[in-house]
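K.L.:
Pasting the sequence and the predicted model now:
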Amino acid sequence: MEIIKTKIKNSFKKKYLAIILVVIIIILIFFIVFKVKQNNKSKKVVFFENPKSGKEPHKDEPEITAAKYFKTHPSGFEFSFHYWLFVHDWSYKFGQVKHIFSKGKKPEKELGEAVNQCPGVFLAKYKNNLIMTLNVKNEQNPIKLIIPNIPLNKWMDIALTVKNNYVELYFNGKLYLTKVLSNIVLQNENPLHTSVNKGFSGLLSNLTYYPYSLSPKEVLSNHNNGLSKHNNILNIEDIIANKQPKIDIPKNNIPKNNIPICRNIE
């Protein structure tokens with residue numbers, strides 16, 4: 001009888017030890033995943049915080065375009081871009097695609113159709129539409145994500161997140177559209193360019209790259225944090241004169257823009 005009791009006790013001990021071991025392994029896995037995420041979050045690249053004129057490339061562009069900044073996430077293919085945009089005069093370069101920024105080969109004639117862009121961000125020829133292009137593996141033409149009827153003379157923030165073949169686009173902190181692609185987005189080792197061919201009439205600020213896919217909570221946090229603390233009230237005259245404006249908009253004074261009702265994807 002005692003032998004049976006001893007065997008039962010030993011069996012229970014082994015089960016408890018196995019359970020404790022499994023719990024410890026799970027805790028270690030969660031800890032490692034947490035540390036990896038924290039490490040990647042610290043590797044975000046803020047290319048510039050101060051608003052720059054949309055008509056000229058950033059003065060430090062050769063410095064900010066190094067391919068070494070663009071690293072993919074260790075757990076899979078993912079990245080994000082977040083930026084603030086202010087569009088002033090739509091009559092500027094009317095009838096032409098207006099370049100905001102792109103990562104890839106420097107666009108030349110057909111800006112919106114440029115290959116090897118990840119991403120390409122443009123303003124449309126005629127309508128006040130914001131266009132983002134992404135090249136997808138085994139797809140001949142880039143896909144286009146479109147936000148129509150963007151507001152003029154108001155700050156707006158845009159976030160693009162990519163995780164393998166899953167893409168999300170955010171407008172002013174809120175999810176605007178999602179798309180599941182036929183394959184993964186094609187990343188490239190080419191530099192980042194801003195305001196090619198005299199760009200657009202307006203401002204670009206806080207252009208930031210993340211080597212991971214931002215969560216909805218992080219996108220909303222970026223929106224609520226507002227523009228850089230270095231900003232001052234917008235001087236429209238400086239934009240028209242193509243000067244580098246001094247901007248400083250308090251965090252709690254960011255204009256509230258309405259989300260466009262239409263959602264177009266071409």
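P.N.:
That came through fine. Numbers count the residues shown, from 1 in each chain.
K.L.:
got the contact list for residue 98?
P.N.:
54, 92, 111, 122-123, 199-200 (CB atoms under 8 Å, 6 or more residues apart in numbering). Where you see a C-beta, it was placed from the backbone N, CA and C, and this is true even at glycine.
K.L.:
Tell me the spacing between it and residue 155.
P.N.:
Residue 98 is 18 Å from residue 155, where distance means CB to CB, to the nearest Å.
K.L.:
ok, residues contacting whichever strand or helix holds residue 158?
P.N.:
Using DSSP states H and E, residue 158 sits in strand 155-163. Contact with strand 155-163 is made by 76-86, 119, 121, 130, 132, 134, 145, 147, 150, 167-173, 185, 206, 213-214, 219, 222-223, 227, 249, 254-255, 257, as judged by CB under 8 Å, 6+ apart.
K.L.:
Please repeat the previous calculation with a cut-off of 7 Å.
P.N.:
76, 78-86, 119, 132, 150, 168-173, 185, 213-214, 219, 222-223, 227, 249, 254-255, 257 (CB atoms under 7 Å, 6 or more residues apart in numbering).
K.L.:
Take these and keep only those in helices.
P.N.:
In helices, defined here by DSSP state H, the members of those are 219, 222-223.
K.L.:
Out of the residues you listed, which is nearest to residue 44?
P.N.:
Residue 44 lies nearest to residue 222 out of the ones in helices among the contacts of strand 155-163, by CB to CB, at 10.5 Å.
K.L.:
So what are the sheet partners of the strand holding residue 158 and their directions?
P.N.:
Strand pairing for strand 155-163, using DSSP bridges, gives strand 78-87 (antiparallel), strand 166-171 (antiparallel).
K.L.:
deepest of the ones you listed, which one?
P.N.:
strand 78-87 (a mean of 23; mean count of other CB atoms under 10 Å).
K.L.:
I'd like the strands paired with strand 155-163 written out as TSV, with mean pLDDT and distance to residue 193 added.
P.N.:
Formatted as TSV, the strands paired with strand 155-163 follow (pLDDT from 0 to 100; distance: least, CB to CB, whole Å):
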stretch	mean pLDDT	distance to residue 193
strand 78-87	93	13
strand 166-171	95	21
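K.L.:
between these, which gets nearest to residue 192?
P.N.:
Nearest to residue 192, of all the strands paired with strand 155-163, is strand 78-87, at 9.4 Å by CB to CB.
K.L.:
From the rest of the structure, what touches that closest one?
P.N.:
Under CB under 7 Å, 6+ apart, the answer for strand 78-87 is 72, 100, 119, 123, 150, 152, 155-164, 200, 202-214, 222, 227.
K.L.:
Okay, now the unreliable bits of the stretch 101-250 of the chain?
P.N.:
107-115, 228-250 (pLDDT under 70).
K.L.:
Strands of that one, start to end?
P.N.:
Secondary structure of the stretch 101-250 of the chain by DSSP state E, counting those that start in this stretch: the strands cover 117-123, 130-134, 143-147, 155-163, 166-171, 174-180, 192-194, 202-210.
K.L.:
For residue 25, find the nearest of the ones you listed.
P.N.:
With CB to CB, the closest approach to residue 25 among those belongs to strand 155-163: 26.1 Å.
K.L.:
Run the angle between that closest one and strand 202-210 for me.
P.N.:
Taking axes from the mean of the first three to the mean of the last three CA atoms, to 10 degrees, one finds strand 155-163 and strand 202-210 inclined to each other by 30 degrees.
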